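In: Model the following, please.
(2 chains)
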Amino acid sequence: MAATSDATRETMIINMGPQHPSTHGVLRLVLELDGEYVVSCRPVLGYLHTGIEKNTEYRTWQQGVTFVTRADYLSSLFNELAYCLAVERLLGIEAPPRAQVIRVMVNELNRIASHLVWIATTSLELGAVSMMLFGFRERENILAIFEMVTGLRMNHAYIRIGGLRMDLPDGAEERIRGFLGLMPGRIGEYENLLTGNPIWRQRNAGVGYLPTEELLALGVTGPVLRAAGLAHDLRKRAPYCGYETYEFDVPTREESDCFARYQVRMEEMRQSLRIVEQCLERLEPGPVMIEDPKLRWPAELSVGPDGIGNSERYVKHIMEESMEALINHFKIVTQGIRVPAGEVYQAVESPRGELGHYVVSNGGNRPYRTHIRGPSFVNLQAIPKMIEGGLIADVIACVASLDPVMGDADR
Amino acid sequence: MRPDELAELLRGRFPELLLARGEVTLTVPREELLATLEGLRKEGELGFDFLSDVTATDWPGAAPRFWVAYHLLSLRWMHRLRVKVGLAADDPELPSVTSLFPTANWHEREVFDFFGIAFEGHPDLRRIELPEGWVGHPLRKDHPMGGVNTSYRGAYIPPPDQRGL
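Out: So this is what the prediction gives:
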């Protein structure tokens, strides 16, 4: 008798990941299964740990941007923004108005790109393959805009301490306007494909439910929390970069399941488009970098045929016209800037939730400590609660609904 | 509540409170950490019910050597507070706050992993980012970056200048 009941209770341990195609990178889940049901789940992280925090301690403040941008590689501009806002607060400076508007604009475009990757990969994992192609197709438009504006498709290092690396190139505004004309119809197409689709609904509705209190106890933020009915968005509730002056809504749902998270993200893309439109209206000529020669990055850059290059006018200036400019350039580029001692925690609303940068300075020319509070890292803690007791097939939908980026979780 | 109002409200109980760059920082001894966080979490006017982040900094040669920082947020009032605990170099241990804030679980594992700071009462204190069996705690300042032998389960990678790249 005892042997029989033991046999029926026998569970199996399997590894999902780290190379499973639906783990959004290299997440490993150790699942204990009883038939099709998940008894327990243990997430294993660290496969994409690259020591970004340690690395910044060995580089100048300006070089820090190029490291943090690689943490959450799907929303790199948010990392840059959080880091730069933190350092700017330590320095007691503020970027010029035009830079602030462009920062908001590229961030919101980045949010749309990130959500597009989310909808593309999620639908691929749940079997809606054509949606994958559509999502990446539209994201390509945004990456082309980024390439035009920043010189790079990803890991831009575009937002710099004190402003931006360079101004918008000619034709960028028209290109963004063109995208604004195209995108609303495309979001409508996605919803036509998915929202009423019976398979999509079955895979998502009622799956991965967690009550609001549990989400908060586990530190979950972003669209997942808003899909549980809490309109918690740092852009509204703790504004930075002048977000309080933009008109946009914070979409929420009450159901707190994977379907609600899908609906929230779709609506967020529309709201981001609204913000980008307002940014274009507000753009007024002006500097995009602070004036202080002791703090600003001296080189003037422009996007050349190779993607990025020095402005010829500036190179002529330091090489032929002004010895002082050359000395200043050399000093700032090789030694970096000094940042007064202190510590700040700067949080921004990334596509995945609260992205916080805790930056500590001891008064030197390098960060003493940079800590990234990655929303993917914190949100992943909710995975066991979401899937234990559920079906193994729902594991895929639940992980996807959190939208984890392992670069952000492992850093 | 604005940071200065928050500082004013808390100053009576925490005279050593620091208000700098719009952020309020409290320093508490580790024996009082749990009671302080519990009090801050409950009270209506403060209501720090959300733990954003836990992390640490290492200051070798200074006393205390380690500072563990807790970043609290009040979801209702949207004010933030940093609570810091100093730890001596030879005794890097403090109570876990997972009983108050379950989200601290992974944060504390990360601090343990990178700094070798132990959290008493943590349900599952293991490394989280680095593999089990890793030697050392790399975010400590005395842990060098590069130029060291990387040993993991018998694997050997020579320092960068000897790899013949």
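In: In the chain, where is pLDDT below threshold?
Out: No chain was given, so I picked chain A. For chain A, the stretches flagged by pLDDT under 70 are A:1-9, A:20-23, A:303-308.
In: hm, I was asking about chain B
Out: B:43, B:146-154, B:157-165.
In: Pull up the distance across stretch B:95-115, start to finish.
Out: 15 Å (CA to CA, to the nearest Å).
In: now check that stretch, is it near chain A?
Out: Yes: counting by CB under 8 Å from any CB of the partner chain, chain A has neighbours in stretch B:95-115: B:101-103, B:105-107, B:110, B:114. (Each C-beta comes from the backbone N, C-alpha and C, glycine too.)
In: Neighbours of residue A:390, how many?
Out: 18 (other CB atoms under 10 Å in any protein chain shown).
In: before we move on, what about the one 3 residues further on?
Out: The local packing count at residue A:393 equals 12, with neighbours defined by other CB under 10 Å.
In: Find the helix or strand that it is a member of.
Out: helix A:392-402 (DSSP states H and E).
In: And that helix, what does it pack against?
Out: strand A:28-34, strand A:37-44, helix A:97-125, helix A:198-204, helix A:258-282, helix A:383-387 (3 or more CB pairs under 8 Å, 6 or more residues apart in numbering or on different chains; DSSP states H and E).
In: Kindly recompute the last result at 7 Å.
Out: Counting contacts by 3 or more CB pairs under 7 Å, 6 or more residues apart in numbering or on different chains; DSSP states H and E, helix A:392-402 is packed against strand A:28-34, helix A:97-125, helix A:258-282, helix A:383-387.
In: can you list the residues of the stretch 251-400 of chain A near chain B?
Out: Residues of the stretch 251-400 of chain A lying near chain B by CB under 7 Å from any CB of the partner chain: A:342, A:344-345, A:347, A:354, A:356, A:358, A:360, A:369, A:371, A:373, A:377-378, A:381.
In: now those residues in a markdown table, with secondary structure and neighbour count?
Out: Output for those, formatted as a markdown table (DSSP: H, G, I helix; E, B strand; the rest coil; neighbours: other CB atoms under 10 Å in any protein chain shown):
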| residue | secondary structure | neighbour count |
| --- | --- | --- |
| A:342 | strand | 19 |
| A:344 | strand | 20 |
| A:345 | strand | 25 |
| A:347 | strand | 25 |
| A:354 | strand | 28 |
| A:356 | strand | 26 |
| A:358 | strand | 24 |
| A:360 | strand | 23 |
| A:369 | strand | 23 |
| A:371 | strand | 27 |
| A:373 | strand | 26 |
| A:377 | helix | 26 |
| A:378 | helix | 27 |
| A:381 | helix | 20 |
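In: residue contacts, the closest residue to residue A:134 other than its chain neighbours?
Out: Of all residues not flanking residue A:134 in the chain, residue A:190 sits nearest, at 6.5 Å (CB to CB, 6 or more residues apart in numbering or on different chains). Applying CB atoms under 7 Å, 6 or more residues apart in numbering or on different chains to residue A:190 gives the contacts A:119, A:131, A:134, A:266.
In: who's in contact with the first one?
Out: I take that to be residue A:119. Contact analysis of residue A:119 by CB under 7 Å, 6+ apart lists A:131, A:135, A:190, A:265.
In: if we can go back for a sec, right, and the helices and strands packed on helix A:392-402 - which one's nearest residue A:145?
Out: helix A:97-125 (6.4 Å; CB to CB).
In: What distance do you get for the residue of the stretch 201-350 of chain A found nearest chain B to residue B:104?
Out: Proximity to chain B, evaluated over the stretch 201-350 of chain A using CB to the nearest CB, is greatest for residue A:219 at 3.0 Å. For residue A:219, the distance to residue B:104 (CB to CB, to the nearest Å) stands at 8 Å.
In: Could you point out the longest helix of chain B?
Out: As assigned by DSSP state H, the longest helix anywhere in chain B is helix B:104-115.
In: by contact count, what packs against that helix?
Out: Using 3+ CB pairs under 7 Å, 6+ apart, helix B:104-115 sits against strand B:50-58, strand B:118-120.
In: Direction included, what does the last one pair against?
Out: According to DSSP bridges, strand B:118-120 forms sheet pairs with strand B:93-95 (parallel).
In: ok, and what's touching the partner strand?
Out: B:30, B:33-34, B:68, B:85, B:87, B:118-121.
In: and chain B, which of its residues are near chain A?
Out: B:20-21, B:23, B:50-53, B:55, B:57, B:69, B:71, B:75, B:78, B:80, B:82, B:102-103, B:105-106, B:128-131, B:138-139, B:145.
In: Quick check on those: which are buried?
Out: The neighbour count (16 or more other CB atoms under 10 Å in any protein chain shown) marks B:21, B:23, B:50-53, B:55, B:57, B:69, B:71, B:80, B:82, B:102-103, B:105-106, B:128-130, B:138-139 as buried among these.
In: quick revisit: turn the helices and strands packed on helix B:104-115 into CSV, columns for distance to residue B:41.
Out: Below are the helices and strands packed on helix B:104-115 laid out as CSV (distance: least, CB to CB, whole Å):
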stretch, distance to residue B:41
strand B:50-58, 9
strand B:118-120, 18
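In: Do a quick rundown of the strands in chain B.
Out: B:18-20, B:23-27, B:50-58, B:66-73, B:80-87, B:93-95, B:118-120, B:150-152, B:155-157 (DSSP state E).
In: I'd like to check the angle between the longest one and strand B:80-87, please.
Out: I take that to be strand B:50-58. Orientation check (axes from the mean of the first three to the mean of the last three CA atoms, to 10 degrees): strand B:50-58 against strand B:80-87 gives 40 degrees.
In: Now for the contacts of residue A:190, which sits with the most neighbours around it?
Out: Neighbour max across those (other CB under 10 Å) = residue A:119, 26 neighbours.
In: ok, that residue to chain B distance?
Out: 27 Å (CB to the nearest CB, to the nearest Å).
In: go on, residue A:126?
Out: Residue A:126 sits 27 Å away from chain B, going by CB to the nearest CB.
In: That residue and residue A:397 touch, don't they?
Out: Yes: using CB atoms under 7 Å, residue A:126 makes contact with residue A:397 at a distance of 6.2 Å.
In: Spit out the residues that contact the two alike.
Out: residue A:203.
In: The two: which is more packed in?
Out: Shown here are residue A:126 and residue A:397; by other CB under 10 Å, residue A:397 has more neighbours (26 against 22).
In: Now for that one: which residues touch it?
Out: A:126, A:203-204, A:207-208, A:258.
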